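**Student:** A predicted structure for the sequence below; I have some questions about it.
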Amino acid sequence: MARPTKYRPEMQDEIISLMREGASIQEVSAALGICRSSLYNWKRQYPEFLDTIKRGETYSQAWWERQGRLNLWNPQFNYRHWFRQMCNRFGWRNNIRRRNGEQHRFALIHDRPMTEDEWLVRYSGHNGGPSL
């Protein structure tokens with residue numbers, strides 16, 4: 001006989017609340033008092049729970065991106081830590097491109113690597129310089 005599930009539909013509100021503050025899946029599972037594997041099982045079993053997690057991940061990434069944007073000019077802001085969080089949490093990659101002998105470093109946020117032409121179109125300004 002299987003153990004009864006701890007899943008309750010009210011958990012979805014708590015998940016959204018936590019992830020709106022930038023919480024990760026690990027933080028959410030700890031706050032709910034469950035293991036991460038239970039959370040992944042619930043995503044498979046309950047379609048509404050899967051939707052909640054997807055929305056929560058969007059809220060979490062938006063929170064982290066907002067922190068970077070709002071602190072762009074703050075000299076006390078640890079941008080290296082922020083960037084590392086973005087890489088680890090959301091799959092950003094630190095990429096180096098060489099163009100005309102110069103080295104350019106930027107974050108790629110795409111599911112697949114871009115071709116050189118796609119990169120130039122997306123990241124070049126109207127005169128070939130960087131777009132800001």
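**Tutor:** It's in.
**Student:** so what's the nearest residue in space to Y7 that is not next to it in sequence up against?
**Tutor:** Ranked by Cβ to Cβ, 6 or more residues apart in numbering and with sequence neighbours excluded, the top spatial neighbour of Y7 is W42, at 5.3 Å. Placement of C-beta: from N, CA and C, glycine included. By Cβ atoms under 8 Å, 6 or more residues apart in numbering, the residues touching W42 are T5, Y7, F49.
**Student:** Most neighbours among the residues you listed, which one?
**Tutor:** Neighbour tally across those (other Cβ atoms under 10 Å): the maximum, 19 neighbours, falls on F49.
**Student:** Now do the SS call for that one.
**Tutor:** helix (DSSP: H, G, I helix; E, B strand; the rest coil).
**Student:** and it, how far is that from R80?
**Tutor:** Distance, F49 to R80, using Cβ to Cβ, to the nearest Å: 35 Å.
**Student:** same question, Q45
**Tutor:** Separation of Q45 from R80 (Cβ to Cβ): 40 Å.
**Student:** Please apply the same query to F90.
**Tutor:** For F90, the distance to R80 - Cβ to Cβ - is 16 Å.
**Student:** Over to V28?
**Tutor:** The gap separating V28 from R80 is 26 Å, by Cβ to Cβ.
**Student:** tell me the mean pLDDT for stretch 62-79?
**Tutor:** Mean pLDDT, stretch 62-79: 92.
**Student:** Restrict it to CA atoms and write it as CSV.
**Tutor:** Only the C-alpha atoms of stretch 62-79 are listed here, as CSV (Å, rounded to 0.1, in the frame of the first residue of the first chain):
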residue,chain,number,x,y,z
ALA,A,62,12.3,37.9,-13.5
TRP,A,63,13.2,38.7,-9.9
TRP,A,64,16.8,37.9,-10.5
GLU,A,65,17.0,39.9,-13.7
ARG,A,66,15.3,42.8,-11.9
GLN,A,67,18.1,42.7,-9.3
GLY,A,68,20.7,43.0,-12.0
ARG,A,69,18.9,45.8,-13.8
LEU,A,70,18.2,47.8,-10.7
ASN,A,71,21.8,47.5,-9.4
LEU,A,72,23.5,48.1,-12.6
TRP,A,73,25.1,51.3,-11.4
ASN,A,74,25.5,50.3,-7.8
PRO,A,75,29.2,50.0,-7.0
GLN,A,76,28.4,47.8,-4.0
PHE,A,77,26.6,45.3,-6.2
ASN,A,78,28.4,42.0,-6.6
TYR,A,79,27.8,41.5,-10.3
